[in-house]
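> structure for the following, please:
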Amino acid sequence: MKKFIFSLAFSLLFVSLFAQSVEKGQHLKYTSSAPDGSTALSFIDDIKDNLIKLESVYSFYKYQLLDIRTSEPVLSSFNRGNTCSIDKSRITPGTYSLRLFTKNFIITTVITLSEAKRLMEGNDLLASE
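Below you'll find the model as predicted:
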């Protein structure tokens, strides 16, 4: 009886230890600091997802992604509030300058985007059959 209880307890412990080893999503996080040392901007790029989360301490009304070589806008959009999401499938991977336009100032930082996760389209499904 003692062996059975010991075996059962050991089995439960073993299962509980390995059941928690779930793979976490890999993501890149950029932060830009304000002059007072606080975090002015957080940019979270989840490698396994097509959306990028952009968070700011300050409310911003517009953001722009600029090509680092030409300073031409690659993506620009208006916003309300402190957060937004950017669709990576609309942008090629690479290094960009990110600008957030607030009421009083512009926050600028350099970021690197990972490759977007490829979505299967109807044509891809038909071609594989």
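
> count of residues packed around I86?
I86: 19 surrounding residues under other C-beta atoms under 10 Å. C-beta: built from backbone N, CA, C; applies to glycine.

> no wait, S32
Using other C-beta under 10 Å, S32 has 17 other residues around it.

> cool, the one 10 residues further on as well?
Neighbouring residues of S42 were enumerated by other C-beta under 10 Å; the total is 15.

> excluding chain neighbours, what is closest to it?
Ranked by C-beta to C-beta, 6 or more residues apart in numbering and with sequence neighbours excluded, the top spatial neighbour of S42 is E55, at 4.5 Å.

> I figured that neighbour hits I44, correct?
Yes. Under the criterion of C-beta atoms under 8 Å, E55 makes contact with I44 at 7.5 Å.

> Y63 versus the residue nearest to S42, what's the distance?
From E55 over to Y63 the distance is 12 Å, taken as C-beta to C-beta, to the nearest Å.

> neighbour count winner among those two?
Counting neighbours by other C-beta under 10 Å for E55 and for Y63 shows that Y63 has the greater number, 20 against 14.
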